[in-house]
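Quick one: sequence and predicted model below, then my questions.
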Amino acid sequence: MKKLVYIVLICAIGILAYYGMQNPVGRLEKNDEEQHAAQVLSGKLAENYNLEGLKLKINGSDVPDEQYLPYIGSDLHVMLPIDAVKDKMGCTVDEYANGGIIIKRNDHTVRIVAGSADASFDEEKVTLQTQPVKNNDKLYVPIEYISDAIDYTCEYNYSTGQISLQKKGEDTTLPAAYDMRKEGRVTEVRDQGDSGTCWAFASLAALETTLMPDENLQFSVDNMTKNNGFGIEQFEGGQYRMSIAYLASWKGPVLEKDDPYGDDETNSKLKAVKHLQEAEIIEDKDLEAVKEAVYKKGGVETAIYSDMVDADSDSEYYNRDHSSYYYDGTEGINHDVVIVGWDDNYSRNNFNKTPKKDGAFICKNSWGTDFGDEGYFYISYYDAHICETSVVYTKLEPADNYDKIYQADKLGWVGVLGFDNEEAYFANVYKAGKNEELAAVSFYATGAKTTYEVYVVTDFQDEDSLADRKLVASGEVEYAGYYTVDLEQAEKLADGKKFAVVVHITTPDTKYPIAIEYDADSLTDSFDIKDGEGYLSLYGKQWYSAEKDRKCNVCLKAFTRTVE
């Protein structure tokens, strides 16, 4: 069958090529009938290839994962999922709400737009013969047209169904210096005043960079610090887990213009203008991972110790002439900043105290533009606390991506539970509304290299129902953090009936892999144990009630869309 189809394909390409050469611009009407016949034939051929199945090989390795498989378009061009470009080809991919896509590899940049033939390769404008398209909510790009622009070769053999992508040379390392300011990827510097709100300014400044340069939005610090649900006053401070919990529960972000900072007022009824889908937590001073995150994803929130409180402060650790800071003591962290770049060759002699080597991160502060270099300063790679824990808000989507959120953990990741084992199962039960389908779930990975399996029980009666679960997604995450997993296919929910979402998680080198919400201290006074029905299990057979047996809520949310 494949041999026959291959022969017909050659004929089809010959017909298309012939008429393409014979018809100059403005004189297409003469062969419209023949061209239409060739297009119909091409469409049928593409359908045959897709039915028979395609094989994908990237850099010499077979890629059997269904989520990465390409398809042949009706014009006989190869369409590859953008996830394959990002996950398997070593490219940086930024997707924006307006449909824009930026693909970077080594020193090359490709800019394309979903549904448009307009593109640019390294700032040179080009016109694509085939447009990037959305197919079943998945973005596909015409890989044969953009492959060369990102230093790849693309070969395909329709007789065997084999598509091969091979990079030219090796991936280059990160540059010795990089500055997001020069790329238009940072928002304006702000001033926290005398309130302990650096954590919120840092979280939201990092979040804002996720949208840059296509969207320049300023989010409300007042709303985050006054409506996060934690028992803490605005002037008392906070930390990144509070930020993630606020964002993940759809309390925010809201726009600064709708809830301005410093006016002693707030509006708790404002709706989030974006939805946080993912936040990665990079630990253990992994400086290269932090640099890669800044380069590929966005600004990185981190914490330091500072004995300064504003732009007018002095410190033995701060060099005002060079806007540089290096602390080598034992005091704990007390101030959050945003890493927006680095310089490997920044001289160690620029600091008051001399670190052991050169190199510094470029950090955005929240003490106004009178501080440092118009609000920015350099922190040595060898600072006592820089990058001990770093957060990058990697995915932010429009607020209409889902219609409803089901959750019992509005305070998010407060603590952890487990069975003295690196793996565990956990589940949450919810009651469906009307005309809903389950589209996604979210949870926390409490450590790096976490693998997961997501299951659904569409007819939950009691805990015995959890045995009748259906696998709907699986994968692995590189870092700890908050993750949203889209189901491979949405699951229809019965009106007014209970359903359960179940996750089997394995987190290496940990004994307590399940993130939970519980009444830990005065910060979590608003904890509500009555708003959830959660379950915990070691092997997914014997289940314990999270609320009754462990006095906690499971951090596992469900997202639905309304269907007609």
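Everything's here; your move.

can you give me the helices in the protein?
Per DSSP state H, the chain carries helices over the ranges 2-22, 32-52, 82-88, 143-146, 198-209, 221-226, 240-248, 287-296, 546-550.

so where's the protein shaky on pLDDT?
1-46, 97, 158 (pLDDT under 70).

And it, split by domain according to the record?
Following automatic domain parsing, the chain resolves into domains at 1-52, 54-172, 177-392, 402-562.

and these as TSV, adding mean neighbour count?
(Glycine included, C-beta is placed from N, CA and C.) Listed next are those as TSV, based on neighbours: other Cβ atoms under 10 Å:
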stretch	mean neighbour count
domain 1-52	13
domain 54-172	17
domain 177-392	20
domain 402-562	19
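
beta partners for residue 71?
residue 79 (DSSP bridges).

Next one: the residue nearest to residue 219 when sequence neighbours are not counted from residue 50, what distance?
Residue nearest to residue 219 in three dimensions, not counting chain neighbours: residue 253, with 3.9 Å by Cβ to Cβ, 6 or more residues apart in numbering. Remark: distance between residue 253 and residue 50 (Cβ to Cβ, to the nearest Å) = 41 Å.

Same check on residue 454?
27 Å.

Equivalent analysis for residue 385, please.
Noted for residue 385: a distance of 53 Å to residue 50, by Cβ to Cβ.

same thing with residue 186?
For residue 186 relative to residue 50 (Cβ to Cβ), the value is 43 Å.

One more: residue 94?
Applying Cβ to Cβ, the value for residue 94 to residue 50 is 29 Å.

do the same with residue 451
31 Å.

Can you verify my assumption that residue 104 contacts residue 86?
No - if you go by Cβ atoms under 8 Å, residue 104 and residue 86 don't touch, sitting 10.4 Å apart.

Common neighbours of those two, please.
92-93 (Cβ atoms under 8 Å, 6 or more residues apart in numbering).

Pull the contacting residues for the nearest residue to residue 84 once chain neighbours are set aside.
Spatial nearest neighbour of residue 84, excluding adjacent residues (Cβ to Cβ, 6+ apart): residue 68 at 4.0 Å. Contacts here follow Cβ under 8 Å, 6+ apart; on that basis residue 68 touches 56, 80-81, 83-84, 87-88.

Using a markdown table, lay out those residues together with distance to residue 292.
As requested, these are exported to a markdown table (distance: Cβ to Cβ, whole Å):
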| residue | distance to residue 292 |
| --- | --- |
| 56 | 25 |
| 80 | 23 |
| 81 | 22 |
| 83 | 18 |
| 84 | 19 |
| 87 | 14 |
| 88 | 17 |
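
Please list all residues in contact with residue 146.
103, 110, 112, 119, 121, 128.

From those residues, which land in strands?
103, 110, 112, 119, 121 (DSSP state E).

ok, for the first one, nearest residue in space, not its chain neighbours?
I take that to be residue 103. Nearest one to residue 103, counting by Cβ to Cβ, 6+ apart, is residue 110 at 4.3 Å.

Tell me what the one you found is bridged to.
Beta-bridge partners, per DSSP bridges, of residue 110: residue 103, residue 121.

swap in residue 424?
Judged by DSSP bridges, the bridge partners of residue 424 are residue 505.

got it, and residue 164?
Bridge pairing for residue 164 - DSSP bridges - gives residue 57, residue 155.

shouldn't residue 291 be in contact with residue 343?
No - counting by Cβ under 8 Å, residue 291 stays clear of residue 343, with 10.8 Å between them.
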